[in-house]
Structure formats: C-alpha cells, structure tokens
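Novice: take a look and give me a structure for this.
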Amino acid sequence: MAAPQSFDDTVISLAIQPAGPRHLRFVLVVVVVLCLAFIALLPFQHTQLPEFNAIEPSVAAVMSINDLITSVLLYAQCSIVPSRRFLVLATGYLFTALIIIPHALTFPGAFTVTGLIGAGPQTSPWLFFAAHFVFPATLLCYALLRGTDDESPLPPSWALSGIYGSIAIVVFSVGGLTLLSTAGHEYLPTIVSDRTHAIPAHLTIINVSIIALTVISLAALWTRRRTVLDYWLMLISIALILEEACFSLAVLRFSVGFYAGRVFWLFTSIVVLLLLLLEITKLYARLARSYTLLERERNNKLLNIQATAASIAHEVRQPLTAIVASGGAALHYLEKTPPDHEKIRKSLRRMISESERTSKVFDGIRALFGRVDQRREAVDVNEIIRDVLKSVEGELSDNEIAVSSELNELSDLDGNRTQLQQVMFNLAHNAIEAMQCIAHRRRALRVRTERRVDSAVTIVMEDTGPGIDPTQLDSIFNAFVTTKPAGMGLGLAICRQIIERHGGHLIASSDGSSGAKFEVVLPAEPAKSAGRSN
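Specialist: Purely as a prediction, here's the structure:
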C-alpha cells in the first residue's frame with residue numbers, strides 16, 4: 001500500500017493535485033485550436049517558402065531554455081514529493097533541452113553551410129528524431145510508473161541521488177549521441193538527400209514510428225489520468241502527433257509543413273512552461289494564505305491563553321492571599337501566651353473555606369474547557385449561513401465550486417450563535433474538501449433553509465463530491481472516526497453534539513457516489529432574551 005501523504009504534500013505538490021473541470025476545458029480548447037490550425041494548413045503542406053535558416057537556432061534557443069526551466073521545476077517537485085514519475089519526466093525534459101543544442105549547431109545553413117562541430121548531412125536530422133523518440137518514451141514511462149509510485153513510493157533518501165544520477169545519465173547520453181552523429185556521420189542511415197529534400201520512404205517510417213509511440217503514450221496517460229499534470233502531458237502528446245504529421249506530409253525543408261512543425265513544437269514547450277509556472281504560483285498563493293491563517297490562529301490562541309492565564313491568576317490569587325493571611329494570623333495567635341484558641345479556630349476555618357473556594361475555581365476552569373459556552377441569544381439562521389458562505393468564498397472560487405442558496409424566511413431561534421456558525425462552517429468546509437477530487441462533473445454546493453410542518457427549522461447542505469459510503473453513515477459522527485487521511489475525526493462529532501444541545505439533530509445521507517447531504521433540524525422555539533445560559 002502507498003504510504004499516507006502528509007498535509008504538506010497535499011498543499012504544495014503538483015504530483016497529487018487533482019484535475020478539475022477547468023483543466024479539462026483548457027485542454028479541449030487548445031486541442032481544438034491546434035487541430036483547426038493543422039487542418040487549415042493541410043492543403044499547403046508542400047508549398048515551398050523562402051529559406052529562413054535562422055529559424056532552427058532561434059527555436060532551439062527558446063525551447064532549450066524553456067525545457068531546462070521545466071526540468072528544474074520538475075526536479076524540484078521530485079525533491080519535495082519523491083516520485084519515480086517526476087524523476088523520469090524531469091529527465092526527459094533535460095534530455096530534450098540539451099539535445100536541441102547540438103541539433104541547432106549542426107543544422108545545415110544555420111551557422112555554416114554544412115553545420116558546426118564536424119557535422120554531416122544526416123547529423124542534424126538524427127539528433128532531431130532522437131529527441132522525438134525519447135520524449136514520447138518518457139511520457140509512456142511516466143504513465144506506466146503511476147502504479148509503482150502508488151504501491152511503493154520512492155524513499156526520500158533516494159530522491160537526491162536519483163536526481164544527480166539522472167542528470168549524469170542525460171549529459172553522458174547527449175554527449176555520446178552528439179559524438180556518434182558527428183564523428184560517425186558517414187555511418188548513419190540516410191534521411192535527407194540534400195539540404196532541402198528528405199527521402200520520403202525513410203522519413204515516413206521514422207515519423208510513423210514516432211507517432212505510434214506517441215499514440216501509445218497518449219492512451220496510457222488517458223487511462224491513468226488523475227492529476228493536473230496528466231492533462232498537460234496529454235496536450236503535449238496531441239501536439240507532438242500533429243507536429244510529426246506535418247513533417248510526414250512535408251518532405252521538403254522550408255515548406256509550410258516544415259515551418260508549421262517547428263511552430264507546433266515551440267508552442268507546446270511554451271504552453272507547458274507557462275502552465276507549470278501558473279499552477280506553482282497558485283499553489284504558492286494557497287500556501288501563503290494558509291500560513292497567514294495559521295499565524296492568525298496562533299496569535300488568537302496566544303491571546304486566549306494570555307486571557308485565560310490572567311483570569312486564572314486573578315481568580316486564584318484572592319483565595320490564596322486569604323489562605324496565607326489566615327495562616328499567618330493562626331501562627332500569631334498560637335504564639336501568644338496563652339494561645340487564643342478561638343481566633344486560631346476562626347483562622348483555620350477561613351483557610352478551609354478559601355481552600356474550598358480555590359477548588360471551585362479550578363472546577364469552573366475545567367468546565368470551561370470541557371464544555372463549550374452555552375450562552376443563548378436570538379439568532380437568524382439565514383444570516384449565519386450567509387456569513388459562513390462569505391467566509392469560505394475564497395476556497396469556493398479556488399476550487400471552481402458553484403454555490404446556490406435558497407434561504408426561506410424564518411423567525412429568529414433561541415440558540416448559541418458562535419456554535420451554530422461553527423457547525424455551518426464545518427459542514428461547508430467538509431463539502432469543499434470532498435469536491436476537490438472531483439474532475440469529471442460539475443462541482444456545486446447547495447444550501448437551503450425551510451420550516452417543516454412540525455414548525456421545526458431545517459438546514460440542508462448538499463455537495464456533488466464523491467459521497468460517503470452508506471455503510472459508514474452511522475459512524476461518521478463518532479469521535480475520532482474520519483474518512484480524511486489527515487483528519488482527526490472530531491469535527492462532525494462536535495457538530496452533532498452542538499446540535500443535540502440545541503434540542504435538534506444532525507442527519508447525513510448519501511448514495512456513496514454522487515455527493516452527500518447533511519440536514520440540521522432545530523426546534524422552532526421562540527427567541528428568548530440574550531444572555532441566558534444552560
């Protein structure tokens with residue numbers, strides 16, 4: 001079984017960030033745009049355009065920088081959450097970033113007529129296709145390693161050595177391929193017949209092989225899709241297929257198909273880098289927001305502790321002072337000749353009385369922490385719900401959750417406003433967390449209030465999350481029972497206890513697949529004067 005993931009991993013790791021409807025829509029839109037562009041250029045694939053030799057080093061420079069940055073970001077993710085998939089993917093991007101450099105240097109006409117570093121006519125094409133073979137293979141390995149990572153996560157102690165090892169392997173491989181394609185260029189199979197013409201049969205075999213490998217990678221990614229990154233990699237696969245299709249149809253260099261293929265390749269590299277930076281920025285914003293909330297909570301707790309300590313000191317100091325004074329008086333009367341037994345007895349009785357008072361102070365403190373404040377007042381249930389929805393508005397927006405509320409007119413109830421707010425906030429926050437893993441259907445939170453026939457007030461909160469196993473519905477309100485990996489199992493237990501103290505009841509229902517519904521039923525007692533306590 002996979003090791004449980006920590007809270008920190010959940011917050012800052014792209015490896016486990018579930019994809020939402022927004023990511024699927026983005027991929028579909030970009031795929032449609034790419035396909036329309038390919039179809040529009042299809043009739044002109046063989047049209048010869050002016051030679052622009054600078055395109056190869058220009059594209060190579062941009063892509064090398066983009067892929068290098070992408071590789072660094074992926075290696076950083078691997079160091080945060082050790083993963084074989086991220087290690088393989090980062091290695092593939094690093095290989096592409098480095099192999100593009102000798103490919104551009106050896107491209108005929110870019111720097112010299114035959115290319116630099118002792119290149120031959122076949123050097124640049126074979127380095128180009130080497131990158132295009134390796135990257136789909138990288139995507140395939142990434143998809144196939146998901147099960148291995150889930151069942152046997154990469155130990156953290158191996159992450160750093162794996163990163164260094166993969167970098168060394170890439171540098172050695174790129175250097176070896178460059179040496180082989182330059183020093184041994186006369187032994188390479190012929191792909192191009194001259195500077196502008198390729199051999200159609202050989203080119204078709206290579207392109208079809210790359211397309212087949214990419215299609216297999218796309219299918220593996222589709223069947224194992226789960227995270228945001230999975231969708232991005234599927235987008236890359238489709239762009240690579242279109243790019244290779246352009247090269248297959250255009251056997252001439254500097255034709256429309258040749259230039260279109262370069263644009264597809266460059267576009268894919270830029271989009272992936274931008275998306276990675278965008279998602280990491282969002283993750284950082286969430287982390288910063290969480291840190292701010294934690295700091296605020298810590299300060300509040302410190303203030304509460306200070307206030308509690310001051311209250312305890314104030315309450316206990318008085319009886320302790322009286323005890324000390326009475327003890328001193330008893331000693332004074334005892335030292336008299338003869339001792340004043342009556343005054344001694346009075347001092348001792350006072351000491352006993354003050355000791356009992358001190359004991360009652362500590363009993364009150366224990367009751368304060370053992371039972372939440374039961375102060376009652378007139379509360380507007382609809383106002384509480386509106387306040388709670390406003391407080392979680394940022395989380396709802398971040399997770400693309402649509403909110404609908406149907407708040408019917410209700411009279412004020414007699415209850416504890418703070419406790420009822422706590423119940424509503426807990427239920428709303430649980431719904432948001434549940435819907436974070438939903439990727440293939442609309443995320444929605446529905447809240448409504450109504451008055452029942454028996455005059456009771458009902459608050460219904462429904463979500464479109466994965467639901468709750470019907471066999472667990474009877475136990476989710478028990479203390480220390482939770483369905484969340486990092487949960488303590490106290491939230492729902494406290495909610496039910498609060499509602500029961502108000503004379504109502506909290507009910508959960510779910511079919512286990514299409515969301516959960518929580519109903520809070522409160523007795524419609526007339527609102528009484530504020531300040532009454534149980």
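
Novice: who's in contact with the spatially closest residue to residue 102 that is not a sequence neighbour?
Specialist: Using C-beta to C-beta, 6 or more residues apart in numbering and skipping residues adjacent in sequence, the residue nearest residue 102 is residue 178, 4.3 Å away. All C-beta spots, glycine's among them, are computed from the backbone N, C-alpha and C. For residue 178, the contacting residues are 99, 102, 117, 127, taking C-beta atoms under 8 Å, 6 or more residues apart in numbering as the criterion.

Novice: Three-state assignment for residue 178, please.
Specialist: helix (DSSP: H, G, I helix; E, B strand; the rest coil).

Novice: now the strands for this protein?
Specialist: Taking DSSP state E as the criterion, the chain carries its strands at 377-379, 402-407, 413-415, 444-451, 457-463, 505-510, 516-522.

Novice: quick one: average pLDDT of the fourth one?
Specialist: Right, the one you point to is strand 444-451. Here strand 444-451 scores 90 as its mean pLDDT.

Novice: and the strands of the chain, which is most packed in?
Specialist: Across the strands of the chain, averaging neighbours per residue (mean count of other C-beta atoms under 10 Å) puts strand 413-415 on top, at a mean of 24.

Novice: packing partners of that one?
Specialist: Where contact means 3 or more C-beta pairs under 8 Å, 6 or more residues apart in numbering; DSSP states H and E, strand 413-415 is packed against strand 377-379.

Novice: what strands flank the strand it packs on, and is each parallel or antiparallel?
Specialist: The partner list of strand 377-379 in its sheet, established with DSSP bridges, is strand 413-415 (antiparallel).

Novice: distance between the strand it pairs with and the chain's centre?
Specialist: Computed by C-alpha atoms, centre = their mean, to the nearest Å, the separation of strand 413-415 from the middle of its chain amounts to 39 Å.

Novice: and for stretch 183-192?
Specialist: For stretch 183-192, the distance from its own C-alpha centre to the chain's C-alpha centre is 48 Å (C-alpha atoms, centre = their mean).

Novice: how about residues contacting that stretch?
Specialist: 118-123, 125-126, 129, 181, 198-199, 202-203, 206, 253.

Novice: the helices in the stretch 301-450 of the chain, which residues?
Specialist: Assigned by DSSP state H, counting those that start in this stretch, the stretch 301-450 of the chain shows helices spanning 341-370, 381-391, 393-398, 417-435.

Novice: so which elements touch the shortest one?
Specialist: In this case it means helix 393-398. In this structure, helix 393-398 packs against helix 256-335, helix 417-435, with contacts taken as 3+ C-beta pairs under 8 Å, 6+ apart.

Novice: out of these, deepest packed?
Specialist: For the helices and strands packed on helix 393-398, ranked by mean neighbour count under the definition mean count of other C-beta under 10 Å, the leader is helix 417-435 at a mean of 21.

Novice: give me the contact list for that one.
Specialist: Outside of helix 417-435, the residues that reach it under the criterion C-beta under 8 Å, 6+ apart are 372-373, 377, 379, 381, 384-385, 387-389, 391-392, 395-396, 399, 401, 443, 445, 447, 459, 461, 463-466, 484, 491-492, 494-495, 498-499, 501-502, 506, 516, 518, 520.

Novice: write the ChimeraX selection for whichever of those residues are buried.
Specialist: One line in ChimeraX is enough to select the buried ones among the contacts of helix 417-435; burial here means 16 or more other C-beta atoms under 10 Å:
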select :377,379,381,384,385,388,389,392,395,396,399,401,443,445,447,459,461,463,464,465,466,491,492,494,495,498,499,502,506,516,518,520
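
Novice: end-to-end on stretch 245-256?
Specialist: As for stretch 245-256, its first-to-last residue distance stands at 12 Å under the measure C-alpha to C-alpha, to the nearest Å.

Novice: show me the shaky parts of the stretch 51-200 of the chain.
Specialist: When the per-residue scores of the stretch 51-200 of the chain are filtered using pLDDT under 70, the ranges that remain are 193-198, 200.

Novice: turn the contacts of residue 178 into CSV, including distance to residue 248 and neighbour count.
Specialist: Conversion of the contacts of residue 178 to CSV gives the following (distance: C-beta to C-beta, whole Å; neighbours: other C-beta atoms under 10 Å):
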residue, distance to residue 248, neighbour count
99, 21, 25
102, 24, 25
117, 28, 14
127, 19, 26
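
Novice: in helices, which of those residues fall?
Specialist: Counting by DSSP state H, the members of those that fall within helices are 99, 102, 127.

Novice: which of those sits closest to residue 293?
Specialist: Proximity of these to residue 293 (C-beta to C-beta) peaks at residue 99, which lies at 45.4 Å.

Novice: circling back to that earlier point, so which of the ones in helices among the contacts of residue 178 comes closest to residue 143?
Specialist: Checking these against residue 143 with C-beta to C-beta, the nearest one is residue 99 at 22.0 Å.

Novice: am I right that that closest one is in contact with residue 132?
Specialist: No. Contact status for residue 99 versus residue 132: not in contact, 9.8 Å apart, counting by C-beta atoms under 8 Å.

Novice: and the helices in the stretch 1-150 of the chain?
Specialist: In the stretch 1-150 of the chain, the segments counted as helices under DSSP H, counting those that start in this stretch are 7-12, 21-41, 55-80, 84-105, 123-144, 146-151.

Novice: now the fourth one against helix 256-335, angle please.
Specialist: Helix 84-105 runs at 140 degrees relative to helix 256-335, counting by axes from the mean of the first three to the mean of the last three C-alpha atoms, to 10 degrees.

Novice: on that earlier part again, among the strands of the chain, which is nearest residue 72?
Specialist: When these are compared for distance to residue 72 using C-beta to C-beta, the nearest one is strand 402-407, at 36.9 Å.

Novice: list the pairing partners of that closest one within its sheet, with orientation.
Specialist: In its sheet, strand 402-407 lies beside strand 444-451 (parallel), with partners assigned from DSSP bridges.

Novice: distance from the chain centre to the strand it pairs with, please.
Specialist: Using C-alpha atoms, centre = their mean, the distance from the centre of strand 444-451 to the centre of the chain it belongs to is 28 Å.

Novice: ok, stretch 504-514 next?
Specialist: On the basis of C-alpha atoms, centre = their mean, stretch 504-514 is displaced by 26 Å from the centre of the chain it belongs to.

Novice: now do it: everything it contacts.
Specialist: 423, 456, 464, 466-470, 473, 476-477, 492, 495-496, 499-500, 516-523.

Novice: okay, the helices of the stretch 1-150 of the chain in JSON lines with distance to residue 298 next?
Specialist: Conversion of the helices of the stretch 1-150 of the chain to JSON lines gives the following (distance: least, C-beta to C-beta, whole Å):
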{"stretch": "helix 7-12", "distance to residue 298": "16"}
{"stretch": "helix 21-41", "distance to residue 298": "33"}
{"stretch": "helix 55-80", "distance to residue 298": "24"}
{"stretch": "helix 84-105", "distance to residue 298": "33"}
{"stretch": "helix 123-144", "distance to residue 298": "40"}
{"stretch": "helix 146-151", "distance to residue 298": "35"}
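
Novice: for residue 283, find the nearest of those helices.
Specialist: In this view, those are compared for proximity to residue 283 by C-beta to C-beta, and helix 7-12 is the closest at 5.6 Å.

Novice: OK, contacts around residue 182?
Specialist: Listed by C-beta under 8 Å, 6+ apart, the contact set of residue 182 reads 102, 106, 117-120, 123.

Novice: so how far is residue 223 from it?
Specialist: The gap separating residue 182 from residue 223 is 40 Å, by C-beta to C-beta, to the nearest Å.
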